[in-house]
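Peer 1: Take a look and give me a structure for this.
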Amino acid sequence: MAGKLYLTTSTVEQHLTRIYRKLGVSSRVQLQSRLGVQSPSPHPALQDASA
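Peer 2: Coordinates of the predicted model:
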C-alpha cells in the first residue's frame with residue numbers, strides 16, 4: 001500500500017499506530033474485529049493457480 005501511495009512504510013506504520021491507540025487496539029486483527037470486518041479471502045484466480 002505504501003508504494004502505491006508514494007509513502008514510506010514507516011509513515012504508514014506511524015499512522016496505523018496512532019489509529020490503533022485512538023481505537024484501543026494493538027493489531028490489525030483486533031482492528032478488523034473491532035470494525036466488524038472479516039479478512040478478505042484470496043482471489044479465485046490465485047486459488048486456481050496454486051492448485
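Peer 1: C-alpha coordinates for stretch 20-37, PDB please?
Peer 2: Extracted C-alpha coordinates of stretch 20-37, given in PDB (Å, rounded to 0.1, in the frame of the first residue of the first chain):
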ATOM      1  CA  TYR A  20      -4.700   1.800  17.000                       C
ATOM      2  CA  ARG A  21      -4.100   3.900  20.000                       C
ATOM      3  CA  LYS A  22      -7.200   6.000  19.500                       C
ATOM      4  CA  LEU A  23      -9.400   2.900  19.000                       C
ATOM      5  CA  GLY A  24      -7.800   1.000  21.900                       C
ATOM      6  CA  VAL A  25      -6.500  -1.900  19.700                       C
ATOM      7  CA  SER A  26      -2.900  -3.200  19.200                       C
ATOM      8  CA  SER A  27      -3.000  -5.100  16.000                       C
ATOM      9  CA  ARG A  28      -4.600  -5.300  12.500                       C
ATOM     10  CA  VAL A  29      -6.600  -8.400  13.600                       C
ATOM     11  CA  GLN A  30      -8.000  -6.500  16.600                       C
ATOM     12  CA  LEU A  31      -8.800  -3.600  14.400                       C
ATOM     13  CA  GLN A  32     -10.700  -5.800  11.900                       C
ATOM     14  CA  SER A  33     -12.600  -7.400  14.800                       C
ATOM     15  CA  ARG A  34     -13.400  -4.000  16.300                       C
ATOM     16  CA  LEU A  35     -14.700  -2.800  12.900                       C
ATOM     17  CA  GLY A  36     -16.600  -6.000  12.200                       C
ATOM     18  CA  VAL A  37     -14.500  -6.700   9.100                       C
END
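Peer 1: Could you give me the buried positions within that stretch?
Peer 2: For stretch 20-37, a neighbour-count test (16 or more other CB atoms under 10 Å) marks 20, 25 as buried. For every residue, glycine as well, the C-beta is placed using N, CA and C.
Peer 1: Quick one: mean pLDDT for it?
Peer 2: What stretch 20-37 shows for mean pLDDT is 89.
Peer 1: Report the contact partners of Val25.
Peer 2: Neighbouring residues of Val25 by CB atoms under 8 Å, 6 or more residues apart in numbering: 31, 34.
Peer 1: Tell me the predicted confidence for Ser41.
Peer 2: In this model, Ser41 carries a pLDDT of 67.
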